[in-house]
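missing the sequence, but the structure's below:
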């Protein structure tokens, strides 16, 4: 196990592309940290810099306090698991597991002991004599994980390891990786573009956009209080509803957010909300519900544009009339309410769940 530290790390490619921009990040010993962001945001490049497969153009990378910028990949004691598994097709699962140990010239007895121990841990002992083509996607992924485990590395670096699996198998293997990390207490850095994976796997999640580290936080904190619009618009499925904020006074004292012809009262609005310009309001889909009988007086009027029932919940795409311009929102409703395109509905929005972002896109409340 190891502590990983990155201080002001930069990576600019020869064509001038700045893939990683001044990233400072500390990953604790035994932590599972997930790097998440859209395609091309620099997360895989950052992983390759830690592994030594790419060279940083600036900053310092430390593994257990040791600066490794000039250390060869094979001498960094980290193991990388790739998206395509990278198994040798002509070697059995056993031989694939043995390969990194044989390259280190370990004794035959030590090699056999490590392989058997890891095979038992991953429950692949009965698969050791099979070739990769005789294994399912999930089994190949376990062998790839095992090949990293047998090295007993200081840290695991996983680059979108589940992207080639079908959705059902992805959920299963994701749970296995989390359980494996909990049992071995190994430091892991896991790269994905799937924010559901990020939220369910990581002790902490680091969000990257255009090579810039936007926020690092526990999944719950990241979801409840995104630091800026970049994080708010990416984390969540479906993502947060974001729209221009327009404020109005209620009863001459309280401040509210205009939604169509209604005003949603904000419990603790920032003092500057009265004169704010260029602010953005954020509202999670689950913060919108259908108004019950007797609530119509304060309800927001909307029209149903599209309905996506998925069993335990329904995603409803809505249009709220704001001075002739439709404000489009997505609501997450429990169960399968009977709604159809074109229906007029009354909505309730809890002002306590409204987030506000200033003109620079930073979270204010």
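Received it, and whenever you're ready, just let me know what you need. Owing to the predicted nature of the structure, the values given are computational and were not obtained by experimental measurement.

Okay, and residue 102 sits in which element?
Counting by DSSP states H and E, the element that carries residue 102 is helix 93-103.

cool, residue 120 as well?
Assigned by DSSP H and E, residue 120 falls within helix 108-122.

buried residues in stretch 241-248?
241-243, 245, 247 (16 or more other CB atoms under 10 Å). Where you see a C-beta, it was placed from the backbone N, CA and C, and this is true even at glycine.

Could you give the separation of it from the chain centroid?
Its chain's C-alpha centre and that of stretch 241-248 lie 26 Å apart, by CA atoms, centre = their mean, to the nearest Å.

quick one: least confident helix or strand in this structure?
Sorting the helices and strands of the chain by mean pLDDT, DSSP states H and E puts helix 167-184 at the bottom, at a mean of 80.

What are the buried residues along that helix?
Residues of helix 167-184 classed as buried by neighbour count (16+ other CB under 10 Å): 169-170, 173-174, 176-178, 180-181.

can you pull the buried residues of the helix holding residue 120?
111, 114-115, 118-119, 121-122.

Give me the next element, helix or strand, following it.
Following helix 108-122 toward the C-terminus (DSSP H and E): helix 137-149.

Which SSE is immediately downstream of that following helix?
Next along the chain after helix 137-149, taking DSSP H and E as the criterion, comes strand 155-159.

Need the mean per-residue confidence for that next one.
Strand 155-159 shows a mean pLDDT of 90.

Report the inter-axis angle for that strand versus helix 137-149.
For strand 155-159 against helix 137-149, the angle by axes from the mean of the first three to the mean of the last three CA atoms, to 10 degrees is 150 degrees.

Mind listing residues that contact strand 155-159?
Strand 155-159 is contacted by residues 1-2, 4, 27, 44, 47, 50-51, 63, 77-83, 148, 177, 186-191 when judged by CB atoms under 8 Å, 6 or more residues apart in numbering.

what angle do it and helix 167-184 make?
Counting by the same axes, to 10 degrees, strand 155-159 lies at 170 degrees to helix 167-184.

Give the pairing partners of strand 155-159; include direction for each.
Sheet pairing for strand 155-159, assigned by DSSP bridges, gives strand 78-81 (parallel), strand 187-192 (parallel).

May I see those strands arranged in CSV, with mean pLDDT as well?
Output for these, formatted as CSV (pLDDT from 0 to 100):
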stretch, mean pLDDT
strand 78-81, 87
strand 187-192, 94
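
Point out the most buried one among the ones you listed.
strand 187-192 (a mean of 25; mean count of other CB atoms under 10 Å).

what's it in contact with?
With CB under 8 Å, 6+ apart as the test, strand 187-192 has contacts from 1-4, 27-36, 43-44, 46-47, 50, 154-163, 177, 181, 197-198, 201-202.

Against which helices or strands is the helix holding residue 102 packed?
Contact partners of helix 93-103 among helices and strands, from 3 or more CB pairs under 8 Å, 6 or more residues apart in numbering; DSSP states H and E: helix 108-122, helix 137-149.

Which one of those helices has the poorest average confidence?
helix 137-149 - the lowest mean pLDDT of the helices and strands packed on helix 93-103, at a mean of 84.

Give me the distance from it to the chain's centre.
22 Å.

And for stretch 210-220?
9 Å.

what does stretch 66-84 give?
23 Å.

From start to finish, how long is that stretch in a straight line?
By CA to CA, to the nearest Å, the extent of stretch 66-84 from end to end equals 30 Å.

who's in contact with it?
With CB under 8 Å, 6+ apart, stretch 66-84 has contacts from 2, 47, 50-53, 55-56, 60-63, 144-145, 147-149, 151, 153-161, 163-164.

again, only this time at 7 Å
The contact list for stretch 66-84, computed with CB atoms under 7 Å, 6 or more residues apart in numbering, reads 50-53, 56, 60-63, 144-145, 148, 151, 153-161, 163-164.

Just the buried ones out of these, please.
Buried among the contacts of stretch 66-84 by 16+ other CB under 10 Å: 50-52, 56, 61-63, 144-145, 148, 151, 153-161.

For stretch 56-72, give the mean pLDDT please.
On average, stretch 56-72 scores 95.

right, I mislabeled it, should have said stretch 300-316
92.

Name the residues of it that are buried.
300-302, 304-305, 307, 313-316.

From those, which land in strands?
Judged by DSSP state E, the subset of the buried residues of stretch 300-316 located in strands is 300-302, 304-305, 307, 313-316.

Need the residues that contact stretch 226-243.
Residues from elsewhere that reach stretch 226-243 (CB under 7 Å, 6+ apart): 38, 195-196, 207, 209, 214-215, 222-223, 280-285, 315, 327, 329-330, 355, 357, 361-363.

Tell me the buried residues within these.
Judged by 16+ other CB under 10 Å, buried ones among these: 195, 207, 209, 214-215, 222-223, 280-285, 315, 327, 329-330, 355, 357, 361, 363.

Tell me how far stretch 25-43 lies from the chain's centre.
9 Å.

ends of that stretch, how far apart?
13 Å.

contacting residues around it?
1-6, 19-20, 46-47, 181, 185-193, 195, 198, 201-211, 213, 216, 234.

Can I have the buried ones of the residues you listed as a ChimeraX selection?
Filtering those down to the buried ones (16+ other CB under 10 Å) takes a single ChimeraX command:
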select :1,2,3,4,5,6,19,20,46,47,181,186,187,188,189,190,191,192,193,195,198,201,202,203,204,205,206,207,208,209,211,213,216,234
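
Among the contacts of stretch 25-43, which ones are in helices?
Among the contacts of stretch 25-43, the ones falling in helices (DSSP state H) are 46-47, 181, 195, 198, 201, 234.

what would these look like in CSV with distance to residue 270?
Formatted as CSV, the ones in helices among the contacts of stretch 25-43 follow (distance: CB to CB, whole Å):
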residue, distance to residue 270
46, 34
47, 38
181, 40
195, 28
198, 29
201, 34
234, 24
